[in-house]
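Engineer: what would the 3D arrangement of this be:
(one chain, ligands or ions: 1)
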Amino acid sequence: MGQRQAIGIGLLGLGTVGSEVYRLLLDHDALTRAVGRPLVVKRVAVARADRPRPVPAHLLTTDGWTVVNDAEVDIVVELIGGLEPARGYMLRALEAGKSVVTANKAVLAAYGPELYAQVQSSGGHLHFEASVGGGVPLIKPISESLAAARLTAIVAILNGTTNFILTRMAHSGWSFNDALAEAQRRGFAEADPTNDVDGHDAAAKLAILASVAFHCQITSDDVFREGVRSITPRDFAYAKELGYEIKPLAIARKHNGDVEARVHPALVPLDHPLAQVPDEFNAVLVEGVNVGRVVFSGRGAGGTPTATAVIGDIITVAKDLVAGVRGRSPIGTPVPARVRPIEDVAVPYYLSLQVVDRPGVFARVATVIGEEQVSIASIVQKSRSEIADAILVTHDAPGRAVQRVLARLRALDVVKAITNVIRVQDSL
Ligand SMILES: NC(=O)c1ccc[n+]([C@@H]2O[C@H](COP(=O)([O-])OP(=O)(O)OC[C@H]3O[C@@H](n4cnc5c(N)ncnc54)[C@H](OP(=O)(O)O)[C@@H]3O)[C@@H](O)[C@H]2O)c1
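Structural biologist: Residues are numbered from 1 along each chain as shown. Below you'll find the predicted structure:
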């Protein structure tokens, strides 16, 4: 930073989040009060040169390297999204000893270890509060305020789109496709919803949160992932009858020597802290040996809330630069994690079957389940003339035992269909 008074900001991206960050950065007085020195935007990169922008023309470029390599830029704020060129820009900035603030969950969840290593070796700072939970503060509270909490579990709703879809299905009786269309109409879901509905977005966020909470290296590939497309209005009706909501959960647990990380829809008891989190809202419940349970919740996305989180990180970095502190990131020095295979994770399961409606059939189904050492906690059976719906909730059962049960049930002539299998989140 040398002797310059002002701290130079380089913005990569001026879209939904970037344009709000730029607007908030114009509130010079508040930022100067917070940091003790002015923050000045030196350069702004966008993809398309032909759009009107609320930024002086001499600051604009379509070449991100111009921003990263500008000697007057101390903090590179990466708000482009996607893997490349975002990763390359961030690495180059860190290599040059600059600091990086980003909202990019995809890059962090895929290449986090590479970036954190660069922070250690070159002394710049790396902060990413906005990458998980949008405007809900999570990374800083977990890494700083709860540093002594010895966190052991995260149970969260991290994807607003799927929470909106499942909330509408539960409370308006809509089909998955109708709820998705409404989410798209309201701007919560992309035209291609894969990233949200198949769990990629939540898996990336969970990888980041678990890495911060458990001080280990977890990437998206370590997270078991199952989407919400298979949930039907009938599942909601039976879940309700059994005393459950269905929510899109992201769960990570620290065991003695390994970490479990999974994203999937789950039945949660109606009195669970996450059961009533509605629509596009996010909520994160953490549990720690020294703190018990703590819940964070709020709007997990949107330009202005997310930009607020980005500005918070810029202020954190700027204060460290003023103080002459080097090489800080919420992740510290993470160690590789041993990931528990999903087949070894034991949870209760909801099994929705269609069986022949005759005496003795249910006993055959129950025998198969019992022979695989899985025990049944509750049953709902509804006759529909020749066929009956049989809904079972098991006690804790390892994934591999449930796979064996399903294979054997499929082979039974009295089982006409296994219409769904959903995990249950009974505890925490
Ligand atoms: N939107 C949210 O609510 C939200 C919430 C949390 C986190 N995030 C994260 O924040 C980041 C930004 O999201 P967003 O919604 O603001 O995206 P966006 O609206 O699509 O904006 C992306 C911006 O990056 C620019 N850009 C794209 N490629 C570029 C390149 N190669 N060089 C320079 N500029 C380039 C685009 O330029 P043009 O303007 O010319 O197209 C645009 O200004 C993503 O990582 C996203 O995951 C977003």
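Engineer: can you tell me how far residue 236 sits from the ligand?
Structural biologist: Residue 236 is 27 Å from the ligand, where distance means CB to the nearest ligand atom, to the nearest Å. Using the backbone N, CA and C atoms, a C-beta is placed for each residue, glycine as well.
Engineer: in the stretch 201-350 of the chain, what residue is nearest the ligand?
Structural biologist: The ligand sits closest to residue 301 of the stretch 201-350 of the chain, with a gap of 3.4 Å, by CB to the nearest ligand atom.
Engineer: contact partners for that residue?
Structural biologist: Contact partners of residue 301, counting by CB atoms under 8 Å, 6 or more residues apart in numbering, are 134, 160, 188, 280.
Engineer: give me every residue in the stretch 251-400 of the chain lying close to the ligand.
Structural biologist: Proximity of the stretch 251-400 of the chain to the ligand, by CB under 6 Å from any ligand atom, involves residues 301-302, 306.
Engineer: could you dump these to TSV with secondary structure and pLDDT?
Structural biologist: Output for these, formatted as TSV (DSSP: H, G, I helix; E, B strand; the rest coil; pLDDT from 0 to 100):
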residue	secondary structure	pLDDT
301	coil	88
302	coil	91
306	helix	95
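Engineer: now for the contacts of residue 301: which two are most distant?
Structural biologist: The largest separation in those, counting by CB to CB, is between 134 and 188 at 12.0 Å.
Engineer: compare neighbour counts for those two and give me the winner.
Structural biologist: Neighbours per residue, other CB atoms under 10 Å: of residue 134 and residue 188, the larger number sits with residue 134, 25 against 22.
Engineer: pretty sure the more buried one contacts residue 307?
Structural biologist: No: counting by CB atoms under 8 Å, residue 307 is not a contact partner of residue 134; they are 9.4 Å apart.
Engineer: name the nearest residue to the residue of the chain at minimum distance from the ligand, ignoring sequence neighbours.
Structural biologist: Per CB to the nearest ligand atom, residue 15 is where the chain lies closest to the ligand, at 1.8 Å. In this structure, residue 15 finds its nearest non-sequential neighbour in residue 79, 6.9 Å apart by CB to CB, 6 or more residues apart in numbering.
Engineer: ok, the one you found touching residue 9?
Structural biologist: No: counting by CB under 8 Å, residue 9 is not a contact partner of residue 79; they are 11.6 Å apart.
Engineer: list the helices and strands the helix or strand of the chain with the lowest mean pLDDT packs on?
Structural biologist: Ranked by mean pLDDT, DSSP states H and E, the weakest helix or strand in the chain is strand 335-336, scoring a mean of 86. Secondary-structure packing of strand 335-336 (3 or more CB pairs under 8 Å, 6 or more residues apart in numbering; DSSP states H and E): strand 216-217.
Engineer: pLDDT (mean, whole number) over the strand it packs on?
Structural biologist: Regarding strand 216-217, the rounded mean pLDDT is 92.
Engineer: ok, it: who's next to it in the sheet?
Structural biologist: Using DSSP bridges, the strands paired with strand 216-217 are strand 335-336 (parallel).
Engineer: circling back to that earlier point, ok, so what distance separates the residue of the stretch 201-350 of the chain closest to the ligand from residue 313?
Structural biologist: 17 Å (CB to CB, to the nearest Å).
Engineer: mind listing what's buried along stretch 23-32?
Structural biologist: 24-25, 31 (16 or more other CB atoms under 10 Å).
Engineer: between those residues, which is nearest residue 117?
Structural biologist: residue 25 (29.4 Å).
Engineer: need the contact list for the closest one.
Structural biologist: Counting by CB under 8 Å, 6+ apart, residue 25 touches 9, 31, 39, 41, 311, 314.
Engineer: quick one: it from residue 316, how far?
Structural biologist: Residue 25 is 15 Å from residue 316, by CB to CB.
Engineer: same thing with residue 7?
Structural biologist: 12 Å.
Engineer: which of those two has more neighbours?
Structural biologist: residue 7 (26 against 21).
Engineer: I figured the more buried one was touching residue 321, is that so?
Structural biologist: Yes: between residue 7 and residue 321 there is a contact under CB under 8 Å: 6.1 Å.
Engineer: now do the helix or strand harbouring residue 31: distance to the chain's middle.
Structural biologist: Here residue 31, judged by DSSP states H and E, is contained in helix 28-35. From the chain centre to the centre of helix 28-35 is a distance of 31 Å (CA atoms, centre = their mean, to the nearest Å).
Engineer: any idea what the nearest residue to residue 366 once chain neighbours are set aside is bridged to?
Structural biologist: Closest residue to residue 366 apart from its sequence neighbours, by CB to CB, 6+ apart: residue 376 at 6.5 Å. Beta bridges link residue 376 to residue 394 when assigned by DSSP bridges.
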